[in-house]
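> Structure for the following, please:
(one chain, ligands or ions: 1)
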Amino acid sequence: MQMEKLVSLCKRRGFMFQSSEIYGGLNGFWDYGPLGVELKRNIKDAWWHDMCKGHNELLQLNGAPSTYEMVGLDCTILMHPQVWKCSGHYDLFHDFMVDCRVSKKRYRFDQVRGKWVSRGEQKVFVTIMCEPENEQEEVTRRALKFFGLRNKDVGQLVFADVFQSLDKVPAADRVFVLAPDANEANTLTDPREFNLMFKTYVGALSGEEGAAFLRPETAQGIFVNFKNVLDSTRVRIPFGVAQVGKSFRNEITPRNFTFRSREFEQMEIEFFCNPAESPMWYQYWRNRRLQWYTELGLAGERLRLREHEQDELSHYSCGTADIEYAFPFLPEGEYGELEGIAHRGDFDLRSHSEGKLDPKERPLKLELNEHGQPKHRGSGKDLSYRDDLTNERFIPHVIEPSAGADRATLAFLCEAYHEDEAPDEDGKLQSRVVMRLNPRIAPYKAAVFPLVKKDGMPEIAKDIYGALKQKFNVFYDEKAAVGRRYRRQDEIGTPYCITVDSQSLQDKTVTVRDRDTLEQWRVKIDDVVGEIEGRIR
Ligand code: ATP
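Residues are numbered from 1 along each chain as shown. Take a look at the predicted model:
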């Protein structure tokens with residue numbers, strides 16, 4: 001599937017729009033249109049239902065080491081700045097960027113890709129920013145221009161076998177780099193750290209006193225409420241806390257549609273358990289989360305679970321696996337992260353209690369109190385847990401399955417997109433685009449059509465529409481030929497179309513058409529709601 005086709009469908013049919021489009025857009029920000037908002041909400045609802053609300057600790061084991069409880073939270077986006085100091089984000093949450101002195105453009109150091117090209121003694125590392133399938137063509141075009149050659153002279157150039165990212169080019173060789181938007185080499189600055197948190201100011205205080213940050217993840221709201229949850233509910237370890245909400249990261253190069261945005265939504269669980277059991281829970285959550293995507297329609301080779309290498313682990317993690325999807329905008333064989341499942345040990349609770357960071361990374365200077373003793377950088381609150389059965393006291397270990405609602409939405413859209421053929425009203429095969437979305441997440445569950453706009457058919461169709469609408473999102477359409485109406489619904493993933501025709505007037509039945517199999521069958525009007533309900537369940 002070509003990504004441009006999906007992007008254009010998303011705009012044309014109202015899944016997603018560029019934010020502030022009439023003013024030229026704002027890079028890295030996306031709005032969800034009337035269909036997109038339904039799709040994304042269905043995904044978030046499915047997650048909330050399956051992970052939290054619908055989870056039944058009395059019955060549900062699902063391969064878990066024991067039963068467990070789940071509760072929810074909804075925390076604020078702005079939090080006390082100390083939260084980000086203790087979480088490590090203030091000091092460690094940065095990417096490296098490079099600036100082009102000529103074009104004034106900024107790039108993420110590890111995202112600039114290119115290839116070595118030489119001509120005789122001369123060499124250049126040509127970088128490009130384009131779709132994977134056009135990379136070689138683009139490198140050739142830029143290299144010819146750089147050396148002042150014509151197309152017919154391409155034989156004079158020698159190309160390296162592979163593309164590589166700029167951060168893999170040794171520092172001494174970076175003088176040979178031709179930046180993505182430059183015409184001469186060596187225009188990029190050295191890589192510099194760039195904190196990804198958006199800063200703002202709270203209240204009327206000017207200056208640093210009122211400084212605060214938009215949260216870059218929802219997780220921290222859960223940690224700082226750990227005691228509140230324990231004290232206000234009767235949850236016992238093991239238990240999980242779920243939260244869905246907006247997060248913000250000032251990404252240097254937002255790109256690939258909504259994949260890397262500056263404002264996005266996360267669906268996160270912090271699962272608190274006894275340290276001795278944490279390896280088992282880590283395994284459980286990896287499997288459980290992978291299974292969730294599979295059940296909703298991401299299956300096969302495009303979905304995979306990848307365990308992080310030791311040197312990839314975050315500063316807090318003793319084990320992380322990513323659930324990844326082979327998005328069509330990535331080069332062949334590459335995968336993009338949908339969700340990370342991290343074993344965070346007791347890092348977060350301990351840090352919010354004591355305020356220690358991993359000394360390997362960047363130790364915080366310890367401040368001393370008036371008695372010359374180290375001052376707590378954390379809250380100073382006891383965030384340990386006492387097991388009232390065994391009397392054991394410990395700081396729980398945490399397993400964190402952290403998913404992105406926007407990346408999941410994009411993956412489901414990519415996976416669903418198909419082109420095939422379906423017969424029109426005269427039985428002639430016509431090409432169609434069909435979104436094979438799982439009915440649970442499809443924006444509309446059904447569409448209702450009167451075959452023609454007369455003979456009482458619209459009235460019957462509207463009654464059916466009204467009855468279905470009490471249960472779920474449905475669409476009513478009486479415009480254009482019925483074949484065209486079917487195709488419009490196929491394109492947005494509506495699993496069932498219900499048509500009222502002349503036979504309906506006589507025997508009170510309608511046809512139901514299946515989006516994927518194209519099968520049609522008749523159902524009594526009184527049974528339509530039950531029929532659709534049964535099929536989408
Ligand atoms: P990446 O390496 O792609 O930047 P990450 O490892 O920083 O992602 P996490 O901090 O683990 O991501 O965040 C958890 C999830 O939040 C990700 O798996 C992803 O689904 C989502 N997410 C993170 N950053 C973005 C973003 N800029 N745009 C959209 N979703 C995001």
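
> residues in contact with the residue of the chain found nearest the ligand?
Of all residues in the chain, Gly404 sits closest to the ligand, at 2.2 Å by Cβ to the nearest ligand atom. To be clear about C-beta, it is placed using only N, CA and C from the backbone, and glycine gets the same treatment. For Gly404, the residues meeting the contact criterion (Cβ atoms under 8 Å, 6 or more residues apart in numbering) are Phe264, Glu265, Gln266, Met267, Leu338, Glu339.

> Show me which residues of the helix with the most length in the chain are buried.
In the chain, taking DSSP state H as the definition, the longest helix is helix 278-295. Buried residues in helix 278-295, counted by 16 or more other Cβ atoms under 10 Å: 278-290, 292-293.

> quick check, nearest of those to Ala64?
If you rank these by distance to Ala64 using Cβ to Cβ, Tyr284 comes first, at 5.1 Å.

> Now do the contacts for that closest one.
By Cβ under 8 Å, 6+ apart, Tyr284 lies in contact with Gly63, Ala64, Pro65.

> 6 Å instead, please
Contact partners of Tyr284, counting by Cβ atoms under 6 Å, 6 or more residues apart in numbering, are Ala64.

> That one and Asp346: what is the separation?
Relative to Asp346, Tyr284 is positioned 19 Å away (criterion: Cβ to Cβ, to the nearest Å).

> Could you do Phe329 as well?
In this structure, Phe329 lies at 38 Å from Asp346, with Cβ to Cβ as the measure.

> The ligand contacts on the stretch 151-300 of the chain?
Neighbours of the ligand within the stretch 151-300 of the chain, by Cβ under 6 Å from any ligand atom: Glu217, Arg249, Glu251, Arg260, Ser261, Phe264, Gln266.

> In strands only, show me those residues.
For those, the ones inside strands are Phe264, Gln266, with DSSP state E as the criterion.

> I'd like the residues of the stretch 151-300 of the chain next to the ligand as a markdown table, with pLDDT, distance to Val37 and neighbour count appended.
Compiled in a markdown table, those are given as follows (pLDDT from 0 to 100; distance: Cβ to Cβ, whole Å; neighbours: other Cβ atoms under 10 Å):
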| residue | pLDDT | distance to Val37 | neighbour count |
| --- | --- | --- | --- |
| Glu217 | 96 | 23 | 19 |
| Arg249 | 96 | 22 | 23 |
| Glu251 | 92 | 23 | 19 |
| Arg260 | 95 | 21 | 20 |
| Ser261 | 97 | 16 | 24 |
| Phe264 | 98 | 15 | 21 |
| Gln266 | 98 | 17 | 21 |
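
> tally of neighbours for Gly72?
For Gly72, the count of nearby residues is 16 (other Cβ atoms under 10 Å).

> correct me, but it touches Cys52?
Yes. Taking contacts as Cβ atoms under 6 Å, Gly72 lies within contact range of Cys52: 5.2 Å.

> Now do the contacts for the residue most central in space within the chain.
Nearest to the mean C-alpha position of the chain, by Cα atoms, centre = their mean, lies Arg407 at 2.1 Å. Contacts for Arg407 (Cβ under 6 Å, 6+ apart) come out as Leu338.

> So it: helix, strand or coil?
Here Arg407 takes the helix state, with states given by DSSP: H, G, I helix; E, B strand; the rest coil.

> And Asn62, by the same measure?
Secondary structure assignment for Asn62 (three-state DSSP): coil.

> rewinding a little: find the residues that touch each one of Gly72 and Cys52.
Applying Cβ under 6 Å, 6+ apart, one finds that Gly72 and Cys52 are jointly contacted by Ala242.

> for the ligand, what are the nearby residues on the stretch 401-537 of the chain?
Where the stretch 401-537 of the chain comes near the ligand, counting by Cβ under 6 Å from any ligand atom, the residues are Ser402, Ala403, Gly404, Asp406, Arg407.

> now the helices: where do they sit in the stretch 151-300 of the chain?
When secondary structure is read from DSSP state H, counting those that start in this stretch, the stretch 151-300 of the chain shows helices at 219-224, 226-232, 278-295.

> Please compute how far the last one lies from its chain's middle.
Its chain's C-alpha centre lies 18 Å from the corresponding centre of helix 278-295 when counted by Cα atoms, centre = their mean, to the nearest Å.

> again, but for the first one
Here helix 219-224 is found 20 Å from its chain centre; the criterion is Cα atoms, centre = their mean.

> quick one: the helix or strand of the chain with the lowest mean pLDDT near the ligand?
The helix or strand with the lowest mean pLDDT-type score in the chain, counting by mean pLDDT, DSSP states H and E, is helix 89-92 (a mean of 85). No. Helix 89-92 is not in contact with the ligand by Cβ under 6 Å from any ligand atom; minimum separation 10.1 Å.

> just checking, what packs against that helix?
Using 3 or more Cβ pairs under 6 Å, 6 or more residues apart in numbering; DSSP states H and E, no helix or strand is in contact with helix 89-92.

> 10 Å instead, please
Under the contact criterion of 3 or more Cβ pairs under 10 Å, 6 or more residues apart in numbering; DSSP states H and E, the helices and strands touching helix 89-92 comprise helix 81-87, strand 192-195.
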